[in-house]
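Chemist: what's the 3D shape of this:
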Amino acid sequence: MPEGDTVFRAAVKLREALEGKMLTRCDVRVPRYAAVDLSGQRVDEVLCRGKHLFIRVGQASIHSHLKMDGAWIIGRVRAPAYKIRIVLETADSRASGVDLGILEVLDRAADMDVVAHLGPDLLGPDWSAETAAANLMADPQRPLAETLLDQRVMAGVGNVYANELCFVFGLRPGTPVGELADPMRLATRAQQMVWLNRMRLNRTTTGNTRPGQDVWVYGRAGSPCRRCGTLIETDRNTERVTYWCPVCQR
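Modeler: You can find the predicted model right below:
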């Protein structure tokens with residue numbers, strides 16, 4: 001599932017392509033909203049909240065979530081036509097939503113209701129490390145990685161960051177979150193990681209952007225730990241795959 005930084009970049013691309021421009025075509029390929037036609041109206045605003053995207057046009061708001069495989073593509077689309085959920089065109093640009101997990105057209109006045117349950121946005125103006133830390137500790141027995149992935153705790157952490165943060169703080173993904181010595185520090189580090197990657201195509205959590213050197217443990221099962229050389233372990237029997245170093249993470 002895309003991380004918050006991926007959605008942030010998608011919003012930036014959509015903003016550059018659409019914001020302030022008149023729609024010359026609006027083709028919504030979801031049965032419930034197939035009759036919606038916003039052509040002739042101006043795109044007022046593109047914004048993101050956690051992993052949710054909103055394109056505000058007149059009194060409507062196009063709400064999307066990428067889920068596992070979705071993407072917004074500017075310009076030419078190589079995906080099969082049946083995967084395209086929506087096409088928005090202006091005089092000089094085209095944006096297509098492909099394989100979107102959620103696509104709906106909402107009343108603009110109430111569009112934020114669908115994200116009211118989210119915790120503070122790691123890349124948003126509402127970010128609060130204090131609130132995120134309090135949310136983290138609400139259920140001390142809950143596994144750390146699972147807690148980090150709960151968007152009600154803080155919005156924008158995906159599986160990559162959840163595993164990488166567990167490594168950085170020396171705790172295995174299944175460790176009860178109550179064992180965190182400093183939840184404020186973890187919340188702050190999470191925000192820093194995502195913020196520093198918000199405009200990078202090649203995400204890094206190690207500080208090294210070279211291919212193969214960009215993450216500590218995620219996707220590296222069977223490879224040596226970058227700190228101690230012990231082989232990275234994994235558990236694929238849970239909803240989200242986890243990775244850890246058996247020596248560096250207690």
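
Chemist: In contact with Asn197: list those residues for me.
Modeler: Residues near Asn197 by C-beta atoms under 8 Å, 6 or more residues apart in numbering: 3, 5, 203-205. Glycine gets a C-beta too; all of them are placed from N, C-alpha and C.

Chemist: Quick one: those residues as TSV, columns for secondary structure and pLDDT too.
Modeler: Converted to TSV, the contacts of Asn197 look like this (DSSP: H, G, I helix; E, B strand; the rest coil; pLDDT from 0 to 100):
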residue	secondary structure	pLDDT
Glu3	coil	92
Asp5	helix	96
Arg203	coil	94
Thr204	coil	96
Thr205	coil	97
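
Chemist: Out of these, which comes closest to Pro176?
Modeler: The shortest approach to Pro176 among these belongs to Thr205, at 23.0 Å (C-beta to C-beta).

Chemist: Turn the contacts of Asn197 into a markdown table, including neighbour count and distance to Glu104.
Modeler: Below are the contacts of Asn197 laid out as a markdown table (neighbours: other C-beta atoms under 10 Å; distance: C-beta to C-beta, whole Å):
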| residue | neighbour count | distance to Glu104 |
| --- | --- | --- |
| Glu3 | 21 | 22 |
| Asp5 | 23 | 24 |
| Arg203 | 20 | 28 |
| Thr204 | 16 | 34 |
| Thr205 | 22 | 33 |
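
Chemist: so where is this protein shaky, pLDDT-wise?
Modeler: Scanning the chain for pLDDT under 70 picks out 1.

Chemist: Please parse the chain into its domains.
Modeler: Residue ranges for the domains of the chain, per the TED database: 4-115, 129-244.

Chemist: which stretches of this structure form helices?
Modeler: 4-18, 129-136, 144-149, 159-168, 183-196 (DSSP state H).

Chemist: how about the ones you listed, which one is nearest Ile102?
Modeler: The nearest among the helices of the chain, by C-beta to C-beta, is helix 4-18 at 12.1 Å.

Chemist: Based on its surroundings, how many neighbours for Leu103?
Modeler: Per other C-beta atoms under 10 Å, the neighbour tally for Leu103 reads 19.

Chemist: tell me the contacts of it?
Modeler: 28, 30, 33, 62-64, 85-86, 97.

Chemist: can we see that at 6 Å?
Modeler: 30, 64, 85-86 (C-beta atoms under 6 Å, 6 or more residues apart in numbering).

Chemist: Neighbour-wise, give me the winner out of these.
Modeler: Neighbour counts for the contacts of Leu103 (other C-beta under 10 Å) peak at Ser64, which has 24 neighbours.

Chemist: ok so, going back, the helices of the chain: which one's closest to Glu239?
Modeler: Closest among the helices of the chain, using C-beta to C-beta: helix 144-149, at 8.7 Å.

Chemist: Kindly format the C-alpha coordinates of that closest one as CSV.
Modeler: What follows is helix 144-149, C-alpha atoms only, in CSV (Å, rounded to 0.1, in the frame of the first residue of the first chain):
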residue,chain,number,x,y,z
LEU,A,144,4.0,-1.8,17.5
ALA,A,145,3.9,-2.3,13.7
GLU,A,146,0.2,-2.8,13.8
THR,A,147,-0.2,0.4,15.8
LEU,A,148,1.9,2.4,13.4
LEU,A,149,-0.2,1.2,10.4
